[in-house]
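Asker: Provided below are the primary sequence and the corresponding predicted coordinates.
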Amino acid sequence: MSILPPVRKDRIISQLPQCFSKGAALNTEDEFHGKVKTACQQQRTGTVGFKISKVIVVGDLAVGKTCLINRFCKDVFDKNYKATIGVDFEMERFEVLGVPFSLQLWDTAGQERFKCIALYNISRSAVIIVFDLTDVASLEHTRQWLEDAMKENDPTSVLLFLVGTKKDLSSPAQYTLIEQDAIKLADQMKAEYWAVSALSGENVREFFFRVASLTFEANVLAELEKSGARRIGEVVRKYIKDHPKISICSKCTHVQAIQDVDEFVSS
Ligand SMILES: Nc1nc2c(ncn2[C@@H]2O[C@H](COP(=O)(O)OP(=O)(O)OP(=O)(O)O)[C@@H](O)[C@H]2O)c(=O)[nH]1
Ligand SMILES: [Mg+2]
């Protein structure tokens, strides 16, 4: 018996949400990867449906990290600033292509003294680096956030997003100016760029749907690769077991003798 309530109707994803700007996108495909769609149809997504993927939200003090998460998870906005101490967590459950998928959102503190908590063990997660669209310095500081985040983590295992907040506060002219720099920077970082407003809610849902979808896709592809490697392992083991010139130690199952290596390699 499942103890979890069903996934909310407004957390069901059946199409790949599109990127915000083609100038800085993690992918510009119209649809989910074919292999991912097939795996979901055939219910071959392994452990993905039981996993909780981590999403770490970092960035300077008061850029709007907590408000962004609260707008999406609770559909509220608080204009009073209360600094986050350490780290807070929110869970969001989705259903992507019919498969349950959970994100754990880490709302970290922008204060320098909490930086080590924010960036602890983030490999294999999505990282959202937030800046304030009305504060150029906060955009510049995102380079440092990235550098610190990648010091102890493998950059190839991390999906990166660069998000400008408080879009409602910037004039169109001011926005255009900062957007050019943000897209350039996101492209250099290999991050996907988004601009949002927690106050009005503009792009907030679209953004988190995109994060959930790309994280899901990466997880399914990793799972398929793992099961592919397992299958190759099985074929090799069977080949060795059946080969007349190779004997296997009965105790430890290691190959004991290959009588003709050249033939083994070429056959
Ligand atoms: N107008 C406007 N104000 C915002 C928006 N997002 C956040 N704010 C305001 O900015 C201030 C800081 O927001 P927080 O979300 O608490 O910032 P934070 O990044 O979590 O800050 P730390 O927890 O200290 O790192 C608050 O007063 C919010 O009301 C937005 O989209 N529009
Ligand atoms: Mg906060």
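Answerer: It's in. Numbers count the residues shown, from 1 in each chain. Ligands and ions are numbered 1, 2, ... in the order given.
Asker: get me the contact residues on the stretch 51-200 of the chain for ligand 2.
Answerer: 65, 66, 84 (Cβ under 5 Å from the ion). For the C-beta atoms, the positions are set from N, CA and C on the backbone; glycine is no exception.
Asker: looking at these, which has the most residues close by?
Answerer: residue 65 (28 neighbours; other Cβ atoms under 10 Å).
Asker: are we agreed that residue 163 is in a strand?
Answerer: Yes. Assessed with DSSP: H, G, I helix; E, B strand; the rest coil, residue 163 lies in a strand.
Asker: and it, how close does it get to residue 133?
Answerer: The spacing between residue 163 and residue 133, counted by Cβ to Cβ, to the nearest Å, is 10 Å.
Asker: intersection of neighbour lists for these two?
Answerer: Residues touching both residue 163 and residue 133 (Cβ atoms under 8 Å, 6 or more residues apart in numbering) are residue 195.
Asker: and residue 134, that's in a strand?
Answerer: No. According to three-state DSSP, residue 134 belongs to no strand; its state is coil.
Asker: any idea which element residue 147 lies in?
Answerer: For residue 147, the element it lies in under DSSP states H and E is helix 142-151.
Asker: who are the packing partners of that helix?
Answerer: In terms of contacts (3 or more Cβ pairs under 8 Å, 6 or more residues apart in numbering; DSSP states H and E), helix 142-151 is packed against strand 52-59, strand 126-132, helix 172-189.
Asker: near ligand 1, anything from the next helix or strand after the last one?
Answerer: Spelled out, that is helix 172-189. Next helix or strand after helix 172-189 toward the C-terminus (DSSP H and E): strand 192-195. No. Strand 192-195 does not reach ligand 1 (Cβ under 6 Å from any ligand atom); its nearest approach is 10.2 Å.
Asker: hmm, back to that, include mean neighbour count when you put the helices and strands packed on helix 142-151 into TSV, please.
Answerer: Output for the helices and strands packed on helix 142-151, formatted as TSV (neighbours: other Cβ atoms under 10 Å):
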stretch	mean neighbour count
strand 52-59	22
strand 126-132	25
helix 172-189	16
